[in-house]
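Trainee: Predicted model follows, preceded by the sequence.
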Amino acid sequence: MIRDARVLRAGFVPREVEHRDAEVNHLSTVLEPITNGDPANTAIVTGPSGTGKTCISQFVTERLREEVIDVEATYVNCWRNYTRFRTLYQILDDLGKTIDIHRQSTPHDELIDRLQQYDGPRTVIILDEVDQLEDPGVIYDLHSLPQFAIICIANKEEELFSRVDDRLVSRLRSSEHVRMDKYHDEQLYDILHARVRWGLDEDAISDEQLYRIADAAAGDARLAIGMLRTAASKADRENHERITDDILLSSADDARAQIQQKSLDTLTPHQQVVFDIVRDHGPLSPSEIHDRYTENVDDPRTKRTVRTYLSKMAQYNLLDAEGTSRDREYTVIDHAALSSPE
DNA sequence: ACTCCACTGGAAATATAGGTCC
DNA sequence: GGACCTATATTTCCAGTGGAGT
C-alpha cells in the first residue's frame, strides 16, 4: 500500500512545488546575486503554519545548488536552537567549523568571529521559526555578514518586528518579503494527490477522501499530509488494501495530537506538570496554578519562573492567556476544536 | 473616582552544570 | 586534583498596569 514512505514524511521537499510559482520565483530572484558571488538581500518569509514556507525555502536553495557549484546551504530550526549560542553553534556545525570548539567554554563572540572569518563558498542560511528566538540578536549578527544569504521564516511579520530592536527593524524593512496565504481546498487536494501518486498504491485512497482531508486540514498542508501519513501507515499496519473511512476519521485527530505532542516533548518535567495542571483543572489564575504546582512537585520553582513557563507555553500555542492583569487566566488550547468548519 | 493588590515582564544577581588548562 | 572559564536556568527585585471592590 505504501510505495515510498519518504514523500509523506514531514521534512520532505518535493521535486515540484504546487501552487507556489510566484513565491518560488520571488525568492529565487532575491537569492540570484549569490550565483555571481555577490551578497544577497535578506529574505523574510511569513505566513500561517502549513503554507509551505519551509518547503519553498528548501526547494529554492536546493535548486540553486543544482545550478551553481559553489553554494552551500544550511537549515536551522530556531525553535529547537532558541538561544543565540545554540543557533550560531548549529550553523558552524553544519559548515564543519566546530572541530576544535566542541568545548562548552567558548564565548559566543568566538562563534561570531568564526563566522566572520568563514571563507568557504557562499552559503544560504535558513532560519526557521525565527519568532521563537529568545534573543533575535542572532539575526543582527548574521545580517551583516556578506558571505551569507539569510532566509528568515516566521508566522507573523508584526510579531517578528515587535521583538527586535530598532536598528534591526530598519534594516529588515528593506529586505524582501515573501508572504504566503493558506491553501484553498482544491490546492490542498492537488498537493495531496501529487504525494499519493509518488508514495502510495494506485487505489489506496479515493478522490472524495482526499477532499475530506483537504477540508479537515483547513488550509494547512502540513496537517493535511500528516493526516494522510497517519491514515496510510495505519491502513498498512492493519493490512488493508486501501484506506477505509474509519481509518481516515481517526487519523484526523491522531495527526493533530502528533503535532501537539511535538511541542509537549520539548517541555521540561516541571513545565509538563504545569501544563497538566492547566489541562486538568480548566481556567486557572497564575497563583492557583503555582499553588497546585507546589503541591505536586518535590523541588518547586518560584512564581516568577512558573510565569516564564506559562508565557513560553502560550508562545508555543499550547496555552491561551486571557486577561491582561488581575483577571489573567490560562486555558489549554484544544487543537481538535480547530477542525470544526468555519 | 479612588485605592488596593495580583499580575506582568524587564533587568540584574545568583546558582548550576559542564567544560578547559595546568 | 583545583583554578577558572562558559552558557543556561532560576531567583531576586521591582516599576508599571489595570481589574475588582469600595
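Mentor: Yep, that arrived.

Trainee: what separates the residue nearest the centre of chain A from DNA strand B, distance-wise?
Mentor: In chain A, the C-alpha closest to the average C-alpha coordinate belongs to residue A:129, at a distance of 5.1 Å (Cα atoms, centre = their mean). Separation of residue A:129 from DNA strand B (Cβ to the nearest atom of the strand, to the nearest Å): 19 Å. Every residue, glycine included, has its C-beta placed from N, CA and C.

Trainee: Make sure that residue is actually in contact with residue A:75.
Mentor: No. Residue A:129 is beyond contact range of residue A:75, at 11.2 Å (criterion: Cβ atoms under 8 Å).

Trainee: if we can go back for a sec, and the residue nearest to the centre of chain A, what is it in contact with?
Mentor: Residue A:129 makes contact with A:77, A:78, A:79, A:153, A:154, according to Cβ atoms under 8 Å, 6 or more residues apart in numbering.

Trainee: Now, those that are in strands?
Mentor: Using DSSP state E, the members of those that fall within strands are A:77, A:153, A:154.

Trainee: Can you list phi and psi of residue A:215 for me?
Mentor: Main-chain torsions, residue A:215, degrees, to the nearest 10: phi -70, psi -50.

Trainee: Kindly report the residues of the stretch 201-342 of chain A close to DNA strand B.
Mentor: A:285-288, A:304, A:307, A:310-311, A:321, A:324-326, A:328 (Cβ under 7 Å from any atom of the strand).

Trainee: top of those residues by neighbour count?
Mentor: residue A:310 (23 neighbours; other Cβ atoms under 10 Å).

Trainee: Can you verify my assumption that that one contacts residue A:320?
Mentor: No. With contact defined as Cβ under 8 Å, residue A:310 does not count as touching residue A:320 (10.6 Å).

Trainee: Common neighbours of the two, please.
Mentor: By Cβ under 8 Å, 6+ apart, residue A:310 and residue A:320 have these common neighbours: residue A:330.

Trainee: What parts of the stretch 201-342 of chain A come near DNA strand C?
Mentor: Applying Cβ under 7 Å from any atom of the strand, we find that the stretch 201-342 of chain A lies next to DNA strand C at A:268, A:270, A:301, A:302, A:304, A:305, A:308, A:323, A:324, A:325, A:326, A:327.

Trainee: Just give me the closest of those residues to residue A:173.
Mentor: residue A:324 (28.9 Å; Cβ to Cβ).

Trainee: tell me the SS of that closest one?
Mentor: coil (DSSP: H, G, I helix; E, B strand; the rest coil).

Trainee: what about the residue nearest to residue A:223 when sequence neighbours are not counted, neighbour count?
Mentor: Of all residues not flanking residue A:223 in the chain, residue A:217 sits nearest, at 4.4 Å (Cβ to Cβ, 6 or more residues apart in numbering). Residue A:217 has 27 neighbouring residues, counting by other Cβ under 10 Å.
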